[in-house]
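Visitor: Sequence plus the predicted model coming up.
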Amino acid sequence: MGSITAAKIGYPIQLVKIQRFGFEEKDEFLLVEVIEEQPASKVGITKVLEDWTWEFYEREHGKEATANFHRAVDNIATFVKKQGWDLPFNLNKYYTGFKLGNKVVFTVAWAGTHAWNITAKISEDDARKFKGTNWEFQRYDTPFKQAVIKPGKANLTDTMEIESMLTLAYHRVSGIS
């Protein structure tokens, strides 16, 4: 049992809560609970959720890196539109995701201050089979079940070479064989 030391009393006391219950004026019982001291809650600051924008990306990652990132997103969006897929994208703090409902199919993600990569929800076997000229398979992210592919050059934004991976990701997430 915990005890509370009252500042003005100077010795430990126990606080109790007593509840009385009765039934048809014959039966009666008391419920006695010892009230434990609650640890003081930590005071913290509340941060307003930010709207992620291209301007935010420029402040965080620089104009050139953001321009390349933006071109890659635009190229993928054009490919998605050509395929007739309903995959709107949205900007987040660390990535821009193309979503099917609430599932992220693929992303253009920040991999550092000026570096970025593309992730796609494909199997590890398919990811390891990928051999590109301008893009390289970097790693497989097992917890998220996605391949991480990076451009061979920082200013490479042409995504044509990885369109087969994007198609595999779309089919996998949408359930199309």
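Guide: Everything's here; your move.

Visitor: Break this protein down into its domains, please.
Guide: 8-35, 54-174 (automatic domain parsing).

Visitor: could those go into JSON lines alongside distance to residue 45?
Guide: (C-beta placed from N, C-alpha, C; glycine too.) Shown next, in JSON lines, are those (distance: least, Cβ to Cβ, whole Å):
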{"stretch": "domain 8-35", "distance to residue 45": "30"}
{"stretch": "domain 54-174", "distance to residue 45": "18"}
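
Visitor: how distant is the longest helix along the chain from the center of its chain?
Guide: Counting residues, the longest helix found in the chain (DSSP state H) is helix 63-83. Relative to its chain's centre, helix 63-83 lies at 21 Å (Cα atoms, centre = their mean, to the nearest Å).

Visitor: Please enumerate the helices of this structure.
Guide: Using DSSP H, helices in the chain cover 54-61, 63-83, 124-129, 163-174.

Visitor: avg pLDDT for the third one?
Guide: Put plainly, it is helix 124-129. For helix 124-129, mean pLDDT rounds to 95.

Visitor: Can you point out the buried residues in that helix?
Guide: Buried positions in helix 124-129, judged by neighbour count with 16 or more other Cβ atoms under 10 Å: 126, 127.

Visitor: can you check the longest one too?
Guide: Of the residues in helix 63-83, 65-73, 75-77, 79-80 count as buried by neighbour count, 16+ other Cβ under 10 Å.
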